[in-house]
Structures are given as structure tokens and as C-alpha cells.
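# Fold the following and give me the result.
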Amino acid sequence: MKKQTFEKFFCQSYYCLEWKDIQKIRNENVRFELVNMEDNIIKSDKDVKRKFKKNKPSFQIIW
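Down below sits the predicted model:
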């Protein structure tokens with residue numbers, strides 16, 4: 001990612017999901033959240049940039 005924005009990161013993460021997961025999100029009306037490994041929800045450009053400054057940024061997807 002050239003410019004690290006929450007929107008781009010969110011879209012790229014969503015793109016990595018399998019079709020069955022996308023259907024589950026849609027059919028069960030669940031929320032798709034990105035969190036860091038400390039379980040803090042990523043919700044802004046600032047959060048994304050802060051995590052990418054680390055040597056090995058890691059995230060997880062929850063719903």
C-alpha cells in the first residue's frame with residue numbers, strides 16, 4: 001500500500017475473505033471489524049499508520 005488509509009486497508013482485508021465468509025457477513029447481518037493483535041479495533045487512518053510503523057504489523061478480522 002502506498003498510502004496507508006483505513007479505507008484501503010479495510011477493502012484489501014475484505015478482498016482476502018472467502019466467499020462463504022462474505023455470505024455469512026451479509027446473511028447474518030454481522031459487523032466486519034479489523035483489530036490489532038492487542039484486540040484494539042482499527043477505525044481510522046491514524047490507527048493503520050501507527051501499526052504499519054512497526055516492523056511486523058499484524059491484524060485480525062473479527063465478526
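
# State the three-state secondary structure for the residue nearest to the spatial centre of the chain.
When CA atoms, centre = their mean is applied to the chain, the residue found nearest the centroid is Leu34 (3.4 Å). Classification of Leu34 by DSSP: H, G, I helix; E, B strand; the rest coil places it in strand.

# Just give the nearest non-adjacent residue to it, would you?
Nearest residue to Leu34, sequence neighbours excluded (CB to CB, 6 or more residues apart in numbering): Ile42, at 4.2 Å. Every C-beta, even on glycine, is put in place using the N, C-alpha and C of the backbone.

# Give me the buried stretch members for stretch 22-41, please.
Ile25, Leu34, Asn36 (16 or more other CB atoms under 10 Å).

# From start to finish, how long is it in a straight line?
20 Å (CA to CA, to the nearest Å).

# I would like the residues contacting that stretch, please.
9-10, 13-14, 17, 42, 47, 51, 57-63 (CB atoms under 8 Å, 6 or more residues apart in numbering).

# same thing but at 6 Å, please
Ser13, Ile42, Lys51, Ser58, Phe59, Gln60, Ile62, Trp63 (CB atoms under 6 Å, 6 or more residues apart in numbering).
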